[in-house]
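Student: My questions are about this predicted structure, shown below with the sequence.
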Amino acid sequence: MARTTMSRRSLLEAGAGALAGGAALLGAAKAHAAEGRRAGMGPSKANEDVIRKYYAGWEKKEWGALDILLADNFTFTSANDDDHISKSAFKARCWESQIDFIERFDVEQVFGEGNEAFVKYLGRTKNGKSFRNVDYFQLKDGKVEAIECYFGGQFGFPSAASTRER
C-alpha cells in the first residue's frame, strides 16, 4: 500500500474547504425551508380556518361568531391606545365603535407557523374607502388568544378610513 503525505497547510486547506462546502449546503437547506414556508407551509389548516372565520364574523356583523373564536383570556393590542386590552374592552372599544363602518375584508395573505400567524388584509368601508393592515395572531386549542394590529397608515381602522378626505 502506497503512503501519501500531506503538509499541514494542505490539510488545513482541505479542512477549510470541507467546512465551507458544509456551510453552503446548510445555508441552501435553510433557504429551501424558508421558501417552503413562503410557498404555503404555515399555520395549520384549522388555525387558518379560525382566522378566516374571525374576519367573516366582522363582515356578517355577528359578535357571537367572533366571541366563540376568542379565548376567555383574549387580548388585543394596537397603536390606537390599545395595550393588551381584554375581550370585553375589545368589544366595547373596537367592535362597537367600528362595526357599522365595515363592508368587508379582503384577506390577501396568511403566513406563519404553528400557533402563530400574520395576516395581511385590505379592509373596505361602507362608503368605498379602504385601509390595509397586518394582524399578528396567537392561537391555542382552536381559539384566538391574542391579536396585535399593525396599522398600514394613519387611516388604519374603519372609522378613520371612512372619514378621511380622499
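Tutor: In hand now; what should we look at?
Student: Give me the mean pLDDT for the helix or strand containing Lys53.
Tutor: Using DSSP states H and E, the element containing Lys53 is helix 45-60. For helix 45-60, mean pLDDT rounds to 96.
Student: mind listing the strands for the chain?
Tutor: Here the chain has its strands, by DSSP state E, at 70-78, 82-86, 102-113, 116-125, 130-140, 143-151.
Student: for the second one, packing partners?
Tutor: When contacts are defined as 3 or more C-beta pairs under 8 Å, 6 or more residues apart in numbering; DSSP states H and E, strand 82-86 packs onto strand 70-78. No exception for glycine: its C-beta is placed from N, CA and C like everyone else's.
Student: Just give the strands next to the strand it packs on in its sheet, each with its orientation.
Tutor: Strand 70-78 has its sheet partners listed here by DSSP bridges as strand 82-86 (antiparallel), strand 143-151 (parallel).
Student: before we move on, back to that, right, so of the strands of the chain, which gets closest to Arg93?
Tutor: Taking C-beta to C-beta, strand 82-86 is the member of the strands of the chain nearest to Arg93, at 6.6 Å.
Student: Quick check: chain neighbours aside, which residue is closest to Phe74?
Tutor: In space, and not counting its chain neighbours, Phe74 is closest to Lys87: 4.4 Å by C-beta to C-beta, 6 or more residues apart in numbering.
Student: what about the one you found, how many neighbours?
Tutor: Neighbourhood size, Lys87 [other C-beta atoms under 10 Å]: 18.
Student: Dump the helix holding Lys53 to PDB, restricted to CA.
Tutor: What follows is helix 45-60 as a C-alpha-only set of coordinates in PDB (Å, rounded to 0.1, in the frame of the first residue of the first chain):
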ATOM      1  CA  LYS A  45     -55.400  24.500   8.300                       C
ATOM      2  CA  ALA A  46     -57.500  24.600  11.400                       C
ATOM      3  CA  ASN A  47     -55.800  27.800  12.600                       C
ATOM      4  CA  GLU A  48     -56.200  29.400   9.200                       C
ATOM      5  CA  ASP A  49     -59.900  28.500   9.300                       C
ATOM      6  CA  VAL A  50     -60.300  30.200  12.700                       C
ATOM      7  CA  ILE A  51     -58.600  33.300  11.300                       C
ATOM      8  CA  ARG A  52     -60.800  33.500   8.200                       C
ATOM      9  CA  LYS A  53     -63.900  32.900  10.400                       C
ATOM     10  CA  TYR A  54     -62.700  35.900  12.600                       C
ATOM     11  CA  TYR A  55     -62.800  38.300   9.600                       C
ATOM     12  CA  ALA A  56     -66.100  36.700   8.300                       C
ATOM     13  CA  GLY A  57     -67.700  37.500  11.700                       C
ATOM     14  CA  TRP A  58     -66.800  41.200  11.300                       C
ATOM     15  CA  GLU A  59     -68.300  41.100   7.800                       C
ATOM     16  CA  LYS A  60     -71.500  39.400   9.000                       C
END
